[in-house]
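Colleague: Need coordinates for the following:
(one chain, ligands or ions: 1)
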Amino acid sequence: MPKDFLQGARDHYDCIVIGSGLAGLTAANTLARTGQSVLLLEQHYKLGGMATWFKRPGGHIFDISLHGFPVGMIKSCRRYWTQEIADSIVQLKNIRFDNPMFSLTTTFNREDFTRLLVEKFQVSAERVQAFFDTARGMNFYDDQSTTAGELFERFFPGREDIIRLLMEPITYANGSTLEDPAISYGIVFSNFMSKGVFTFEGGTDRLIHLMHEELLRSGVDVRIKCDVQRILVNRGRVAGVQVNGRTIGARAVISNANLKSTVLKMIGPEHFDRSFLDEAEAVRLNNSSCQVYMALRPGEMLDESLGDLLFSSTAPLFRTDLLLSRDVTSRTYSFYYPRTRPGSDRCLVVSSTNARYEDWAGLSDEAYEDSKRDLVESTLEALGRYIPDIRQKLDHAEASTPRTFRHYTRHLQGASFGTKFEGLAVSRALPEQIAGLYHAGSVGIIMSGWLGAMNYGVIVANDVDSWLMKSNRQTPLATAT
Ligand SMILES: Cc1cc2nc3c(=O)[nH]c(=O)nc-3n(C[C@H](O)[C@H](O)[C@H](O)COP(=O)(O)OP(=O)(O)OC[C@H]3O[C@@H](n4cnc5c(N)ncnc54)[C@H](O)[C@@H]3O)c2cc1C
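Modeller: Numbers count the residues shown, from 1 in each chain. Sure thing, here's the model as predicted:
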């Protein structure tokens with residue numbers, strides 16, 4: 001008999017959360033703390049979504065998306081999770097850039113960027129201050145027609161080198177480009193500039209383990225290997241879900257799955273207005289990524305002067321299409337020293353590159369394996385520039401592609417950061433279409449990344465809590481049929 005992953009689950013909950021990415025986890029925890037009954041359903045055998053890790057023989061543990069987030073994570077983790085989680089967040093102090101235009105090391109905060117822009121890039125202090133103030137002053141209600149490229153042109157006309165310094169890390173951090181609205185750049189850039197780049201000490205496995213413990217303390221019913229097939233709707237109201245052959249009822253459902261698959265597959269077009277569907281169909285997905293994971297032999301050390309994060313490129317200019325091309329010219333290396341996992345003797349390197357799903361999707365199995373091998377080889381070649389004896393030190397190397405991310409998280413086209421800007425309005429409008437139906441997860445660039453996803457989970461949990469309180473008073477339950 002196959003194992004029943006829903007054994008003991010109730011027939012009805014106040015809210016069902018589909019997906020255990022950081023937004024889903026945080027929404028479930030926040031809502032359960034208000035006293036609502038919550039069922040969390042994850043299709044994979046691990047919680048975390050993109051916030052994940054994997055192990056390989058020899059005791060190597062690789063983190064997938066633990067490269068850096070803004071200081072705001074400390075406050076969010078303290079408020080919505082635990083003091084222990086917040087206390088494990090530490091700063092990465094050495095961020096490096098190396099490209100044909102410049103090489104530099106920075107702590108990646110406003111003070112140090114001001115110094116660099118004034119001393120190295122010869123911009124007046126007044127102009128730098130005006131730029132920072134404009135970026136920090138941006139909010140969602142601002143003019144959304146100005147692009148990031150136009151913002152840079154206004155403050156630093158013709159300065160391709162400055163655009164590269166300011167844009168390259170943010171493209172890496174949330175997939176935004178020069179063609180995206182300036183606000184999606186400004187908010188994320190300002191978040192980082194407030195204090196720099198931070199990481200979680202102990203690795204993603206420790207973070208997700210601590211979160212799982214806290215979910216159980218909050219009373220969330222957590223279930224893995226539960227693949228939700230459909231979200232059920234009854235007379236314009238959400239009624240529950242179909243999962244692993246069972247129907248489970250709920251007053252509210254929060255989907256943390258990809259926004260487009262939530263609307264178009266799990267619910268189905270017949271439940272929406274035509275104009276909403278048009279908007280949902282037009283939402284663009286964000287790009288995906290390739291990564292190469294490299295573990296050094298036990299006890300082999302890396303020189304910490306390599307930095308924590310290195311934005312490396314051989315392309316003469318910063319261009320979106322070059323960043324996405326399979327002919328890779330830009331790589332961001334994360335160097336993990338033993339201090340990442342206190343007590344370990346391991347050093348690891350993860351190289352990340354933005355990528356397009358379609359470049360990998362159609363390959364035959366053989367061509368796909370060959371391409372992954374090429375990616376590993378060309379990455380080792382490129383890394384040799386910074387660690388000349390990398391091949392002698394190496395114990396294990398392998399690659400992931402957009403297909404890998406799609407496989408493990410079900411994101412359409414393996415999108416690493418959900419959707420482009422317009423996804424946010426569609427995500428927010430869901431409950432106007434179907435009462436009790438919500439989405440929380442990477443959308444609109446701003447609500448993506450570890451901090452954005454987590455904070456979006458809180459915003460949506462609060463909406464759901466208010467709605468549940470109101471609907472409890474006003475209307476009878478819809479039945480899950
Ligand atoms: C290579 C890479 C590097 C990154 N680096 C960083 C970084 O350095 N800093 C940073 O802040 N962010 C980074 N990110 C982005 C960040 O990891 C994500 O934005 C964030 O973790 C997404 O969280 P989420 O809540 O949107 O959900 P996701 O992580 O997308 O999770 C969604 C979950 O829903 C589940 N699911 C889907 N469909 C179903 C279904 N039908 N039934 C049940 N479950 C379902 C999936 O299995 C998954 O667990 C990176 C992402 C990638 C891919």
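Colleague: you'd agree Thr171 is up against Asp180?
Modeller: No. Counting by CB atoms under 8 Å, Thr171 stays clear of Asp180, with 9.4 Å between them. Where C-beta positions appear, they are placed from N, C-alpha and C, glycine not excepted.
Colleague: Lys301: neighbour count?
Modeller: Wrong residue type there; residue 301 is Met, not Lys. 12 (other CB atoms under 10 Å).
Colleague: How about it, nearest residue that isn't a chain neighbour?
Modeller: Cys347 (5.9 Å; CB to CB, 6 or more residues apart in numbering).
Colleague: Please report how far the one you found lies from the ligand.
Modeller: Applying CB to the nearest ligand atom, to the nearest Å, the value for Cys347 to the ligand is 18 Å.
Colleague: same check, this time on Val220
Modeller: 15 Å.
Colleague: What parts of the stretch 301-450 of the chain come near the ligand?
Modeller: 352, 405, 409-411, 416-418, 441-442, 448-450 (CB under 6 Å from any ligand atom).
Colleague: Just the residues you listed: which are in helices?
Modeller: Phe405, Thr409, Gly449, Trp450 (DSSP state H).
Colleague: Next, the contact list for the second one, please.
Modeller: Put plainly, it is Thr409. Thr409 makes contacts with Gly21, His44, Gly49, Met50, Asn258, as judged by CB atoms under 8 Å, 6 or more residues apart in numbering.
Colleague: Quick one: neighbours of the third one, just the number.
Modeller: Around Gly49 there are 27 other residues, counting by other CB under 10 Å.
Colleague: Show the pLDDT at the closest residue to the ligand within the stretch 101-250 of the chain.
Modeller: Nearest residue of the stretch 101-250 of the chain to the ligand (CB to the nearest ligand atom) works out as Val228 at 3.7 Å. In this model, Val228 is scored at 98, pLDDT.
Colleague: how does this protein divide up, domain by domain?
Modeller: For the chain, the structural domains run 12-45+224-283+417-474, 53-91+198-205+287-409, 109-195, going by automatic domain parsing.
Colleague: So which of those is the most surrounded?
Modeller: domain 12-45+224-283+417-474 (a mean of 22; mean count of other CB atoms under 10 Å).
Colleague: which helices and strands sit right next to the lowest-mean-pLDDT helix or strand in the chain?
Modeller: Every helix and strand in the chain was compared by mean pLDDT, DSSP states H and E; the lowest is helix 320-324, with a mean of 73. If you count contacts as 3 or more CB pairs under 8 Å, 6 or more residues apart in numbering; DSSP states H and E, helix 320-324 packs onto strand 348-355.
Colleague: next one: the strand it packs on to chain centre, how far?
Modeller: On the basis of CA atoms, centre = their mean, to the nearest Å, strand 348-355 sits 14 Å off its chain's mean C-alpha point.
Colleague: returning to that earlier point: tell me what angle the helix or strand just after the least confident helix or strand of the chain forms with strand 348-355.
Modeller: As assigned by DSSP states H and E, the chain's next helix or strand after helix 320-324 is strand 330-336. Inter-element angle recorded for strand 330-336 and strand 348-355: 150 degrees (by axes from the mean of the first three to the mean of the last three CA atoms, to 10 degrees).
Colleague: Strand 330-336 pairs with which strands, and in what direction?
Modeller: Strand 330-336 has its sheet partners listed here by DSSP bridges as strand 309-313 (antiparallel), strand 348-355 (antiparallel).
Colleague: could you dump those to TSV with mean pLDDT?
Modeller: As requested, the strands paired with strand 330-336 are arranged in TSV below (pLDDT from 0 to 100):
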stretch	mean pLDDT
strand 309-313	95
strand 348-355	95
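Colleague: And Ala397, how far from Asp359?
Modeller: From Ala397 across to Asp359, the span is 21 Å (CB to CB, to the nearest Å).
Colleague: ok, now Gly137?
Modeller: Using CB to CB, Gly137 is found at 38 Å from Asp359.
Colleague: Quick check: Val376 vs the ligand, distance?
Modeller: To the ligand, Val376 is 16 Å away according to CB to the nearest ligand atom.
Colleague: Surely that residue is within a strand?
Modeller: No. The assignment for Val376 (DSSP: H, G, I helix; E, B strand; the rest coil) gives helix, which keeps it out of a strand.
Colleague: can I assume it is in contact with Glu398?
Modeller: Yes. Proximity of Val376 to Glu398 meets the contact threshold set by CB under 8 Å, at 6.7 Å.
Colleague: check contacts around Ala130.
Modeller: Phe155.
Colleague: same deal with Gly35?
Modeller: So Gly35 contacts nothing (CB under 8 Å, 6+ apart).
Colleague: do you know how far it is from the ligand?
Modeller: Counting by CB to the nearest ligand atom - Gly35 and the ligand are separated by 23 Å.
Colleague: helix, strand or coil for that residue?
Modeller: coil.
Colleague: How much space separates Gly236 from Ile254?
Modeller: Counting by CB to CB - Gly236 and Ile254 are separated by 18 Å.
Colleague: So, low pLDDT: which residues of this structure?
Modeller: 140, 142, 473-481 (pLDDT under 70).
Colleague: got a list of what the residue nearest to Met301 touches?
Modeller: Leu296, Glu300, Met301, Leu302, Phe335, Tyr336, Tyr337, Pro338.
Colleague: Tell me who's in contact with Arg341.
Modeller: Here Arg341 is in contact with Ile61, Glu201, Gly202, Gly203, Arg206 (criterion: CB under 8 Å, 6+ apart).
Colleague: rerun at 10 Å
Modeller: Ile61, Asp63, Glu201, Gly202, Gly203, Asp205, Arg206, Leu348 (CB atoms under 10 Å, 6 or more residues apart in numbering).
Colleague: Which residue lies closest in space to the last one, excluding its sequence neighbours?
Modeller: By the measure of CB to CB, 6+ apart, the closest residue to Leu348 outside its immediate chain neighbours is Tyr336, 4.4 Å from it.
Colleague: isn't Arg78 right next to Ser88, touching?
Modeller: No. Using CB atoms under 10 Å, Arg78 makes no contact with Ser88, being 11.1 Å away.
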